[in-house]
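Colleague: dropping a prediction and its sequence here:
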Amino acid sequence: MNYPKIGIRPAIDGRQGGVRESLEGQTMAMAQAAKELIESSLRYADGQPVECVVASRTIGGRADAEAARCEFLDKNVVATLTVTPCWCYGTETLDLDPTTLKAVWGFNGTERPGAVYLAAAMAAHAQCGLPAFKIYGHDVQDADDATIPADVAKKIISFARAAVAAGQMRGKAYVNLGASAMGIAGSQVNVDFFQKYLGMSVEFVDMTEILRRMALHIYDEDEVARARAWIEQKCPEGVDINLGRELPRIITDSKVVPADEDWDFIARQVVIIRDILFGNPKLAEMGWLEESRGRNAIAGGFQGQRQWTDWLPNGDFAEAVITSTFDWNGARQPIAFATENDTLNGASMLLGTLLTNTAPIFSDVRTYWSPEAVERVCGKRLEGRAANGVLHLINSGATALDASGAVRDERGESIMKPFWEMDQADIDACLAATDWCRANYEYFRGGGFSSHFKTAGEMPMTMIRLNMVAGVGPTLQIAEGYTCVLPDDVHKTLDERTDKTWPTTWFAPRLGAPGFETVWDVMNHWGANHGASVYGHVGGDLITLASMLRIPVTLHNVEDERIFRPSLVDGFGTKDLEAADMAYCQAFGPLYRG
Ligand SMILES: C[C@H](O)[C@@H](O)[C@@H](O)C(=O)CO
Ligand SMILES: [Mn+2]
């Protein structure tokens, strides 16, 4: 696997006969220290440590710089970090490769002017139109101080985390299973966006491909049997709201799979969808070579509604399990997989999960509940983090089971872990917190089952939305906040007013920033019916990643001091950071504009 790597470039004053020689050791030591910091702090989505490559010699001029570039060529270096303790010659040492993401760390020492080089390098990057992140420590260090200060380390990690997220998307595919869902504009995939902003392709697969593979047995029977057994043991059925209902013939005649065979159908469906995305060597053994290769997916989505769900069991189980950190084989990488084929929410899930390595949550941003409305309906006032009102996040399907909040840390707090930290007890806790309600036949005539839980713990969470706005292009919205636990009776009353067989998360965004005057304002500004959420307050990392991709951020509640964008964005103004970001993105255009 040729992982996307960070190339580390030790830059140095090229003057031989004393200056250069005196700095070789310190410069290389900075490079090694940065490599160790990144490799010990970050992991790829599959759990492997992020890899760095250090140039074999210091870079004192263009010949050295070219030698370093050539060393990086076959190593899939997607980003470079240039480090230096001294003055170097800006345009003669810069990384001029237009395809790499760039950062420069200038040692804040004064024996040799590392900071002066940093400023000169940033000026050169601005003039050359090569955005670069500027890393300059707050406090002066002694020349023999080989440590990386905390503020410098934080920026190196932020840069590397976002660069590796961007690098993991580059060259991969979004697999679009189906087409437009219920007129949801985000489900009408914009190939140009995926190609030019994320460096990805879009693979179009009709939903009938799943039926072809079912009919021709293009799947591993043993794998399906394992999935089916796991469902039997670990996926208890919940309430069936269809019971006792007098349903019209257009509904009862539409259910072509007998209700007691839904789980058999669903077990095949989830294995086949996974095979379409990632391939499966077992299919090659069965003679299905082309199908065994998959479609190079890193994300995907399933239309479901309505041409599938109007007669076949819905895709909710497949969507929920694929986005979770585990399945019937145990803990494994979660996948950004959208329901209703909302490709923009799928891409939002992808940004979130690549930055956090936690499972993504797909939700309708369904209802704003004011404290007054809750008091009117339930006779109780919202309290604690919910006191200013809450957003009801709920959607059938692609809400990771990790969002149940059933996994607890050593303090008993709900958390969402990277898959490599999930043990069997964590997996079982998520499954025990979930039941599977038979699909509401009024919505899903073909039946199936929907995951059903409520997020049962208070967690820091960031909600994300990529929107497509005519005249601007893609824009990003970010809301950091907390999941809330409402009293059971309040939750029940509110939940049962809507789709009570689906997974619910109550979310309270942090207030105070522009656009975040009240919880209602957040709902009012939100750009679409869906939001994608991930664990933690990662708005700063999302802003850094968006600035690499040249996607303007048009709503966020991240403090200014946490905003980390390329230095040249200051050239578009420093008084109004949002306007400067927009102007920078519009001026530079998409990262892979071609
Ligand atoms: C079942 C319904 O059609 C839901 O799919 C609908 O409320 C949505 O989720 C719309 O995003
Ligand atoms: Mn929806």
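Modeller: In hand now; what should we look at? Numbering: from 1, shown residues only. Ligands and ions are numbered 1, 2, ... in the order given.
Colleague: Tyr219 touches Ile276, doesn't it?
Modeller: No: if you go by CB atoms under 8 Å, Tyr219 and Ile276 don't touch, sitting 10.3 Å apart. For the C-beta atoms, the positions are set from N, CA and C on the backbone; glycine is no exception.
Colleague: hey, what's in contact with both of these two?
Modeller: Shared contacts of Tyr219 and Ile276, defined by CB atoms under 8 Å, 6 or more residues apart in numbering, are found at Arg213.
Colleague: quickly find the element holding Asn108.
Modeller: Asn108 is part of no helix or strand, with elements assigned from DSSP states H and E.
Colleague: per-residue pLDDT of it, please?
Modeller: We have a pLDDT of 92 for Asn108.
Colleague: leaving out chain neighbours, which residue sits closest to Pro509?
Modeller: Gly481 (3.7 Å; CB to CB, 6 or more residues apart in numbering).
Colleague: three-state assignment of the one you found?
Modeller: Assigned with DSSP: H, G, I helix; E, B strand; the rest coil, Gly481 falls in the strand class.
Colleague: quickly list what it is bridged to.
Modeller: For Gly481, the beta-bridge partners are Met461, Pro509 (DSSP bridges).
Colleague: what residues does it make contact with?
Modeller: By CB under 8 Å, 6+ apart, Gly481 lies in contact with Pro460, Met461, Thr462, Met463, Phe507, Ala508, Pro509, Arg510, Asn557.
Colleague: isn't the first one up against Gly536?
Modeller: In other words, Pro460. Yes: in this structure, Pro460 is within contact of Gly536 by CB under 8 Å, at 5.3 Å.
Colleague: could you point out the longest helix in this structure?
Modeller: Using DSSP state H, we find that the single longest helix of the chain is helix 19-41.
Colleague: what's the mean pLDDT across it?
Modeller: On average, helix 19-41 scores 97.
Colleague: which bits of the stretch 251-400 of the chain sit near ligand 2?
Modeller: Applying CB under 5 Å from the ion, we find that the stretch 251-400 of the chain lies next to ligand 2 at Asp364, Asn395.
Colleague: if we use 6 Å, what do you get?
Modeller: Neighbours of ligand 2 within the stretch 251-400 of the chain, by CB under 6 Å from the ion: Glu340, Asp364, Asn395.
Colleague: out of those residues, which are inside helices?
Modeller: Counting by DSSP H, these contribute nothing to helices.
Colleague: can I get these in CSV with pLDDT?
Modeller: CSV is the format used below for these (pLDDT from 0 to 100):
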residue, pLDDT
Glu340, 98
Asp364, 98
Asn395, 97
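Colleague: scan those residues and report the most crowded one.
Modeller: Glu340 (31 neighbours; other CB atoms under 10 Å).
Colleague: run a quick neighbour tally on the closest residue to ligand 2 within the stretch 101-250 of the chain.
Modeller: Residue of the stretch 101-250 of the chain nearest ligand 2, by CB to the ion: Ile184 (7.3 Å). By the criterion of other CB under 10 Å, Ile184 has 20 neighbours.
Colleague: show me the contacts for it.
Modeller: Glu340, Asn341, Asp342, Asn529, His530.
Colleague: quick check: pLDDT value at it.
Modeller: 98.
Colleague: before we move on, back to that, looking at the residues of the stretch 251-400 of the chain next to ligand 2, which one is closest to Lys234?
Modeller: The shortest approach to Lys234 among those belongs to Asn395, at 22.0 Å (CB to CB).
Colleague: please name the nearest non-neighbouring residue to the closest one.
Modeller: Asp364 (4.5 Å).
Colleague: isn't Val522 right next to Ala479, touching?
Modeller: Yes: taking contacts as CB under 8 Å, Val522 lies within contact range of Ala479: 5.6 Å.
Colleague: overlap in contacts, the two.
Modeller: What both Val522 and Ala479 touch, as defined by CB under 8 Å, 6+ apart, is the set Pro509, Phe516.
Colleague: just the contacts of Ile184 that are near ligand 1?
Modeller: By CB under 6 Å from any ligand atom, the members of the contacts of Ile184 lying near ligand 1 are Glu340, Asn529.
Colleague: next, the distance between the ends of stretch 514-528.
Modeller: Start and end residues of stretch 514-528 are separated by 19 Å (CA to CA, to the nearest Å).
Colleague: any residue of that stretch touching ligand 2?
Modeller: No: Stretch 514-528 lies out of reach of ligand 2 by CB under 6 Å from the ion, never closer than 9.6 Å.
Colleague: need the contacts of Gly481 in TSV with distance to Pro474, can you?
Modeller: TSV is the format used below for these (distance: CB to CB, whole Å):
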residue	distance to Pro474
Pro460	26
Met461	22
Thr462	18
Met463	17
Phe507	23
Ala508	27
Pro509	21
Arg510	24
Asn557	20
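Colleague: give the PyMOL command for selecting the buried subset of the residues you listed.
Modeller: Applied in PyMOL, the following selects the buried portion of these according to 16 or more other CB atoms under 10 Å:
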select buried, resi 460+461+462+463+507+508+509+510+557
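Colleague: closest one to ligand 1 out of the contacts of Gly481, please.
Modeller: Nearest to ligand 1 out of these is Met463 (CB to the nearest ligand atom; 15.1 Å).
Colleague: roughly how far apart are that closest one and Ile210?
Modeller: Using CB to CB, to the nearest Å, Met463 is found at 30 Å from Ile210.
Colleague: can you check Ala433 too?
Modeller: From Ala433 to Ile210 the distance is 29 Å (CB to CB).
Colleague: between these two, who's got more neighbours?
Modeller: Between Ala433 and Ile210, Ile210 has the larger neighbour count (other CB under 10 Å), namely 25 against 20.
Colleague: tell me the secondary structure at the residue in the chain positioned nearest to ligand 1.
Modeller: Ligand 1 sits closest to Tyr443 of the chain, with a gap of 3.8 Å, by CB to the nearest ligand atom. Classification of Tyr443 using three-state DSSP returns coil.
Colleague: kindly report the residues of the protein close to ligand 1.
Modeller: Checking the chain against ligand 1 by CB under 6 Å from any ligand atom, the hits are Gln305, Glu340, Asp364, Asn395, Ser396, Tyr443, Asn529.
Colleague: kindly report the residues of the stretch 451-594 of the chain close to ligand 2.
Modeller: Asn529, His530.
Colleague: tell me where the stretch 451-594 of the chain has strands.
Modeller: 460-469, 473-484, 504-509, 530-535, 553-555 (DSSP state E, counting those that start in this stretch).
Colleague: export these to TSV and tack on mean pLDDT?
Modeller: Compiled in TSV, these are given as follows (pLDDT from 0 to 100):
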stretch	mean pLDDT
strand 460-469	98
strand 473-484	98
strand 504-509	98
strand 530-535	98
strand 553-555	98
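Colleague: which of those strands sits most buried?
Modeller: Mean neighbour count (mean count of other CB atoms under 10 Å) peaks for strand 530-535 among the strands of the stretch 451-594 of the chain, with a mean of 28.
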